[in-house]
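Participant: For reference, the sequence and a predicted model appear below.
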Amino acid sequence: MVLGGGTGGTLAANRLRRDLGGDVGITVVDRDDDHLYQPGLLFVPFGLARPQDLVRSRRAQLHEGIAYRTAGVERVELDAQRVLLSGGVTLPYDVLIVATGARLLPEETEGLTGPGRRETVHTFYDLDGAVALERALSGFTGGRLVVNVVDMPIKCPVAPLEFCFLADWYFAERRIRDRVELIYVTPLDAAFTKPVAARTLSGMLADKHVELVTEFNTGEVHGGTGGGQLVSYDGRQVPFDLAVVVPLHGGAAYVDRSPGLGDEFGFVTADKHTLQSAAAPNVFVIGDAAAIPTSKAGSVTHFEGEILTGNVARFLAGEPLDASFDGHTNCFIESGFGTAMLIDFNYDTEPLPGHYPAGIGLPLLAPSRLNHLGKLMFAWFYWHGLLPGRDIPGLGSPMPHAGKHIPAPTPP
Ligand SMILES: Cc1cc2nc3c(=O)[nH]c(=O)nc-3n(C[C@H](O)[C@H](O)[C@H](O)COP(=O)(O)OP(=O)(O)OC[C@H]3O[C@@H](n4cnc5c(N)ncnc54)[C@H](O)[C@@H]3O)c2cc1C
């Protein structure tokens with residue numbers, strides 16, 4: 001039984017079907033049939049992607065022989081090995097794969113769903129929000145545009161930075177860049193979590209005249225028709241004419257109603273190398289739903305898929321699990337003006353300069369046109385390579401070490 005028919009649920013079900021054939025019955029449950037290509041949300045506000053091109057049928061992404069049910073998950077009963085769905089249906093399972101992702105919780109921040117919502121306070125983290133923001137941006141003729149991350153973890157932690165870089169390009173294209181102040185407000189102590197990438201990204205923000213405000217824990221968002229301000233828990237204020245806020249994230253609500261399954265944020269605790277849940281040996285977790293110390297990204301979900309589905313097969317065969325998931329993460333960072341950066345890292349190795357996947361390949365930690373083309377190609381790869389669960393030569397689960405080099409220490 002696979003809970004969630006997004007990135008992780010779809011690719012896990014397809015890989016299991018391919019690897020185990022008809023010996024195993026697979027059912028995927030999701031609340032609707034609209035599979036959204038979430039990386040495309042970044043481009044909608046700038047008129048670079050059309051909403052209707054980002055959504056396809058979930059059912060159609062699943063290989064033949066996989067059952068699909070449209071229903072909400074209400075609760076998991078670990079002891080009874082069954083799932084309760086909306087409408088009162090109960091389904092038993094032998095093995096459960098949790099792939100219900102992360103949930104946006106704007107209501108957790110005072111004022112974020114109040115006055116000014118969808119007028120001066122926006123988000124691009126869901127489709128309706130991205131569409132409304134496109135309208136707001138096209139009508140914006142100057143002033144303070146603040147991009148804010150309320151708290152970590154969030155899906156695709158580089159996406160708000162990409163938004164800043166694209167906004168710089170977008171207003172330059174409209175020849176009003178000199179009338180727009182761009183401000184990036186983050187709870188982190190730097191532009192990003194990992195030191196080498198943080199230095200590069202801070203430098204890029206500075207080059208593009210994007211002000212960086214760090215260690216800002218947003219407590220309140222006061223929006224209104226004419227603008228507003230962010231207020232941090234320690235009383236600092238950041239005024240804005242237009243705010244783009246990435247809300248707090250949590251796990252799916254049913255996790256809280258399923259004793260033992262998750263942590264206090266609704267994420268599912270699991271072994272970070274085997275992806276077996278801490279709750280029960282026959283429960284595994286993939287993607288954003290997992291409480292493991294890696295990024296919440298489609299690439300991570302893809303790299304997890306190989307290990308997770310192998311481990312489900314091993315579990316069914318009574319064999320020891322493979323503990324080789326290394327936290328591999330790989331992200332294109334759109335940097336504006338037809339360029340993008342690429343970062344590649346894992347639990348132990350931070351993003352470093354060099355090339356991916358080997359000595360010759362895509363440049364790491366440096367903006368390039370090639371990476372921008374890679375970012376655009378990712379949409380095709382998502383639907384035709386990643387979701388069908390294909391093994392892609394050169395894109396296996398372990399992070400490649402070839403091609404990366406340690407930068408010389410910076411002089412004092
Ligand atoms: C703006 C943005 C940009 C991004 N850019 C990138 C990028 O460039 N590169 C990258 O690698 N990743 C990117 N990501 C992240 C990527 O989309 C996610 O990490 C990935 O989709 C995670 O897959 P998942 O299966 O864990 O969750 P999802 O794909 O979100 O799937 C979870 C599914 O569970 C279902 N579900 C939840 N609760 C229930 C319930 N109670 N009952 C039934 N069904 C339920 C949901 O409907 C959903 O279909 C981006 C995300 C966003 C928001």
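Facilitator: Arrived safely, thanks for sending. Source: prediction; values computed, not measured. Numbering: from 1, shown residues only.
Participant: tell me the phi and psi of the residue nearest in space to the middle of the chain?
Facilitator: Centroid-nearest residue in the chain, with CA atoms, centre = their mean: Lys155, separated by 2.9 Å. When quoted as degrees, to the nearest 10, the phi and psi of Lys155 stand at phi -70, psi 140.
Participant: need the contact list for it.
Facilitator: 38, 101-102, 125, 249, 288, 296-297 (CB atoms under 8 Å, 6 or more residues apart in numbering). Yep, even glycine has a C-beta here, placed from its N, CA and C like the rest.
Participant: Filter these down to the ones in strands?
Facilitator: Members of those lying in strands (criterion: DSSP state E): 102, 249.
Participant: For burial, what's the neighbour tally of the residue of the stretch 101-250 of the chain found nearest the ligand?
Facilitator: Residue of the stretch 101-250 of the chain nearest the ligand, by CB to the nearest ligand atom: Gly101 (2.8 Å). Other residues within reach of Gly101, judged by other CB atoms under 10 Å, total 23.
Participant: Taking the stretch 251-400 of the chain, what residue is nearest to the ligand?
Facilitator: Gly287 (2.2 Å).
Participant: Hmm, Ile97 and that residue touching each other?
Facilitator: No - between Gly287 and Ile97 there is no contact, the gap being 9.8 Å when judged by CB atoms under 8 Å.
Participant: Common neighbours of these two, please.
Facilitator: Common neighbours of Gly287 and Ile97, using CB under 8 Å, 6+ apart, are Gly9.
Participant: Could you count how many residues lie near Val2?
Facilitator: 29.
Participant: Bridged to it, which residues?
Facilitator: Counting by DSSP bridges, Val2 is bridged to Val28, Ile97.
Participant: so what's it scoring on pLDDT?
Facilitator: On pLDDT, Val2 comes in at 98.
Participant: what about it, distance to the ligand?
Facilitator: To the ligand, Val2 is 10 Å away according to CB to the nearest ligand atom, to the nearest Å.
Participant: a markdown table please, covering the contacts of Lys155 and showing pLDDT and distance to Phe46.
Facilitator: Formatted as a markdown table, those follow (pLDDT from 0 to 100; distance: CB to CB, whole Å):
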| residue | pLDDT | distance to Phe46 |
| --- | --- | --- |
| Gln38 | 98 | 16 |
| Gly101 | 98 | 25 |
| Ala102 | 98 | 24 |
| Tyr125 | 98 | 15 |
| His249 | 98 | 23 |
| Asp288 | 98 | 24 |
| Lys296 | 98 | 23 |
| Ala297 | 97 | 21 |
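Participant: strands paired with the one helix or strand Val244 maps to, and their directions?
Facilitator: Assessed by DSSP states H and E, Val244 sits inside strand 242-246. Counting by DSSP bridges, the strands paired with strand 242-246 are strand 121-122 (parallel), strand 143-149 (parallel).
Participant: any idea which of those is most buried?
Facilitator: Counting by mean count of other CB atoms under 10 Å, strand 121-122 has the highest mean neighbour count of the strands paired with strand 242-246, with a mean of 26.
Participant: shaky segments in this protein?
Facilitator: Applying pLDDT under 70 to the chain picks out residues 406-410.
Participant: Just give me the longest helix of it.
Facilitator: As assigned by DSSP state H, the longest helix anywhere in the chain is helix 298-317.
Participant: Pull out the buried residues from it.
Facilitator: Within helix 298-317, the residues scored as buried using 16 or more other CB atoms under 10 Å are 298-313, 315.
Participant: Show me how far that helix is from its chain's centre.
Facilitator: The chain centre lies 19 Å from the centre of helix 298-317; the measure is CA atoms, centre = their mean, to the nearest Å.
Participant: That one - contacts with which helices or strands?
Facilitator: In terms of contacts (3 or more CB pairs under 8 Å, 6 or more residues apart in numbering; DSSP states H and E), helix 298-317 is packed against helix 7-20, strand 283-285, strand 329-336.
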